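> sequence below, structure please.
(4 chains)
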Number of protein chains: 2
Amino acid sequence: MTKILIAEDDDHTRDALREVLTMEGYEVIPASDGLQAVDFFRAESPDFVCLDVMMPGLNGYEVCKQIRRQDEKVPILFLTAKAEEIDTVLGLELGADDYMTKPFGVKEIIARIRAILRRTASRGGGRTDDDFTMDDLRIVPTELRAYRDKLELALSPRDVKVLRLLYDRRGKVIDRNTLADEVWGVDYFPESRALDQHISQLRKRIEKDPAQPRIIRTVHGAGYRFE
Amino acid sequence: MTKILIAEDDDHTRDALREVLTMEGYEVIPASDGLQAVDFFRAESPDFVCLDVMMPGLNGYEVCKQIRRQDEKVPILFLTAKAEEIDTVLGLELGADDYMTKPFGVKEIIARIRAILRRTASRGGGRTDDDFTMDDLRIVPTELRAYRDKLELALSPRDVKVLRLLYDRRGKVIDRNTLADEVWGVDYFPESRALDQHISQLRKRIEKDPAQPRIIRTVHGAGYRFE
DNA sequence: AGCAGGTTGTAAGGAAATTGTAAGGCGTCT
DNA sequence: AGACGCCTTACAATTTCCTTACAACCTGCT
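Purely as a prediction, here's the structure:
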């Protein structure tokens, strides 16, 4: 579930936001001042942050800087009571993704949060979309395809994730837990054989001889490796 | 130095843009209404224009027409609060080079301005209105029509946007989020099926065999693609 | 070498998710 | 009112993915 950190000192606004966003299916972490916000950010690693500019102690700008020191990607939405404050947000190049001026409507803030999450979600998902080569196979993530000579192979997003991971740590063994975590996420059951199944199917498509794999090699008792 | 004319009635947005773009090394000419924008354009001959759609007096569309009467080449970037307004931008044959839906991030607008300037510097024309061909279909955005042999097909502004996006990134997979963001804008709710419905209807009209689409192909689990 | 126990490969069928599309409703424009 | 475009809904078609079951394999031990 998507976690949203809300830093807002006004109790009423904060509670209203919490309620609305919870109804929308987000997990809300409320913070009532800047220090708490920074603490909660570290502890919870939220996927999205709403920051009020005016807060006791650390103000929104400071909180934003602290957060950016840890994470330059997490989307940040500023909430401001005064329109002038936006100048500062923009001028300081804090890396804010959006801002809203109070008062704002419920639908408006939900639409913006969704839009930002959509936008940032489709941007690579953390790592780059650059092409890379494994053995004699050229993988082109943005096309969800791989090429061998003139041959063109379709890949699923999951295929690309697996290959990318192996490529990024080529020479090292990727154990099953890591693979499962990175590709399937937290809700992977270790006793499931989905991972083996996927590797098997993938090999059938990308390996010249799936029985003697050159791209995805098995390291018995440990995991998989490329090179 | 590259001169950028900014026509935007909201003081804070305008000032913020001015500050940011000045920091980036552009010379900024701010105008707070449509008439001023036209005057300043005549007086200063800027290299680039950012136009808010909603302005008192002359609105963005009118300003654009006036500017185009003098200069058919200068790149124009529309700023709109609502994604729907883009339909009008496209439909009116205004010759816009790009558009952005508010709210937008600082980095985003800088990136677009750079991209457009690069494009128009190297080639020599705007992109949004140019005709293009997909498979055996010739799409003419300014007429909101497509042609196959003698056959003439009507297209909605939204159809054109979808096709343009697929054409601009042909070979690449356009995921649903990107499509939703670029075509529907901030108000698109992910659980809506409007996008599928639209693709289905569009295929019925433009594909010879909608069951075996050659223009808009489905990449299951990922998005759509044209090549 | 042969065996036991654990690990991995993979075919098959069914579950689950994704996409296609017909039908109906709502609002707008004429 | 009627036509039109666009959206939601509901269900069908499609595709992918996972579970299961068993075969094959590796490793360490006797």
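> now do A:Asn59: how many residues are near it, please.
18 (other CB atoms under 10 Å in any protein chain shown). Where C-beta positions appear, they are placed from N, C-alpha and C, glycine not excepted.
> does it really touch A:Val53, like I thought?
Yes. The pair A:Asn59 / A:Val53 is scored as a contact, 6.3 Å apart, by CB atoms under 8 Å.
> could you check the angle the longest helix seen in chain A makes with helix B:106-122?
Longest helix of chain A, by residue count under DSSP state H: helix A:106-122. Counting by axes from the mean of the first three to the mean of the last three CA atoms, to 10 degrees, helix A:106-122 lies at 60 degrees to helix B:106-122.
> how about the CA coordinates for helix A:106-122, as CSV?
Provided in CSV are the C-alpha atoms of helix A:106-122 (Å, rounded to 0.1, in the frame of the first residue of the first chain):
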residue,chain,number,x,y,z
VAL,A,106,-10.6,17.3,-1.4
LYS,A,107,-10.9,16.2,-5.0
GLU,A,108,-8.2,18.5,-6.1
ILE,A,109,-5.6,17.2,-3.7
ILE,A,110,-6.5,13.6,-4.5
ALA,A,111,-6.2,14.2,-8.2
ARG,A,112,-2.8,15.8,-7.8
ILE,A,113,-1.4,13.1,-5.6
ARG,A,114,-2.6,10.5,-8.0
ALA,A,115,-1.2,12.4,-10.9
ILE,A,116,2.2,12.8,-9.3
LEU,A,117,2.4,9.2,-8.3
ARG,A,118,1.4,8.1,-11.8
ARG,A,119,4.0,10.3,-13.3
THR,A,120,6.8,9.3,-10.9
ALA,A,121,5.8,5.6,-11.1
SER,A,122,6.2,5.5,-14.8
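> buried residues, that helix. List them.
The neighbour-count check on helix A:106-122 (16 or more other CB atoms under 10 Å in any protein chain shown) flags A:109-122 as buried.
> and it, is it in reach of DNA strand D?
No. Between helix A:106-122 and DNA strand D, judged by CB under 7 Å from any atom of the strand, nothing touches; the nearest distance is 12.1 Å.
> mean confidence score for that helix?
Averaged over helix A:106-122, pLDDT sits at 76.
> packing partners for that helix?
Packing partners of helix A:106-122 (3 or more CB pairs under 8 Å, 6 or more residues apart in numbering or on different chains; DSSP states H and E): helix A:11-23, strand A:48-52, strand A:76-80, strand A:98-101, helix B:176-179.
> what's the most buried one of these?
Burial of the helices and strands packed on helix A:106-122 is given as mean neighbour count (mean count of other CB atoms under 10 Å in any protein chain shown); strand A:48-52 ranks first at a mean of 26.
> thinking again about what came up before, ok, which of the helices and strands packed on helix A:106-122 comes nearest DNA strand D?
helix B:176-179 (12.0 Å; CB to the nearest atom of the strand).
> after that closest one, which helix or strand is next?
Downstream of helix B:176-179, the next assigned helix or strand under DSSP states H and E is helix B:194-206.
> can you list contacts of that following helix?
B:137, B:146, B:153, B:155, B:158-159, B:162-163, B:176, B:179-180, B:183-184, B:188, B:210, B:213, B:215-216, B:224 (CB atoms under 8 Å, 6 or more residues apart in numbering or on different chains).
> low-confidence stretches in chain A?
Confidence mapping of chain A against pLDDT under 70 gives the ranges A:82-95, A:103, A:105, A:121-127.
> which ones are touching A:Asp136?
A:Asp136 touches A:Arg148, A:Asp149, counting by CB under 8 Å, 6+ apart.
> what of A:Arg112?
A:Arg112 makes contact with A:Leu77, A:Asp98, A:Met100, B:Pro103, B:Val186, according to CB under 8 Å, 6+ apart.
> got these as CSV, with distance to DNA strand D columns?
CSV is the format used below for these (distance: CB to the nearest atom of the strand, whole Å):
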residue, distance to DNA strand D
A:Leu77, 23
A:Asp98, 22
A:Met100, 23
B:Pro103, 20
B:Val186, 13
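> out of these, which is nearest to B:Leu21?
In terms of CB to CB, no member of the contacts of A:Arg112 lies closer to B:Leu21 than B:Pro103, at 16.7 Å.
> can you list the domain ranges for chain A.
As recorded under automatic domain parsing, the domains making up chain A are A:3-124, A:132-225.
> which of those domains is buried the deepest?
domain A:3-124 (a mean of 18).
> got a list of what A:Gly34 touches?
Counted by CB under 8 Å, 6+ apart, A:Gly34 has contacts A:Ala7, A:Met55, A:Pro56, A:Gly57, A:Leu58, A:Asn59, A:Gly60, A:Glu62, A:Val63.
> circling back: DNA strand C next: which of the contacts of helix B:194-206 are close?
Filtering the contacts of helix B:194-206 for proximity to DNA strand C by CB under 7 Å from any atom of the strand leaves B:Arg176, B:Pro210.
> quick one on the thing from earlier: quick one: which of the contacts of A:Arg112 is nearest to A:Leu35?
Nearest member of the contacts of A:Arg112 to A:Leu35, counting by CB to CB, is A:Leu77, at 19.8 Å.
> I'd say the closest one and A:Ala115 touch.
No. A:Leu77 lies out of contact with A:Ala115 (CB under 8 Å); the separation is 10.3 Å.
> how about the helix or strand where A:Arg138 lies and chain B, any contact?
Taking DSSP H and E as the criterion, A:Arg138 maps to strand A:137-140. No. Using CB under 8 Å from any CB of the partner chain, strand A:137-140 never reaches chain B; the gap is at least 8.7 Å.
> who does that strand pair up with?
strand A:132-134 (antiparallel), strand A:145-148 (antiparallel) (DSSP bridges).
> the closest residue to A:Phe104 other than its chain neighbours bridge partners, please.
Nearest residue to A:Phe104, sequence neighbours excluded (CB to CB, 6 or more residues apart in numbering or on different chains): A:Leu79, at 7.7 Å. For A:Leu79, the beta-bridge partners under DSSP bridges are A:Asp52, A:Met100.
> which one is A:Phe41 nearest to, not counting chain neighbours?
Per CB to CB, 6+ apart, closest to A:Phe41 is A:Ile67, 5.4 Å.
> tell me if I'm right that the one you found and A:Ile76 touch.
Yes. A:Ile67 lies in contact with A:Ile76 (CB under 8 Å); the separation is 6.9 Å.
> shared neighbours of these two, anything?
Overlap of the contact sets of A:Ile67 and A:Ile76 (by CB under 8 Å, 6+ apart) consists of A:Val49.
> tell me the residues of chain A that contact DNA strand C?
Taking CB under 7 Å from any atom of the strand as the contact definition, chain A meets DNA strand C at A:176, A:193, A:196-197, A:199-200, A:203-204, A:210-211, A:218, A:220-223.
> nearest to chain B, of those residues?
A:Gln197 (16.3 Å; CB to the nearest CB).
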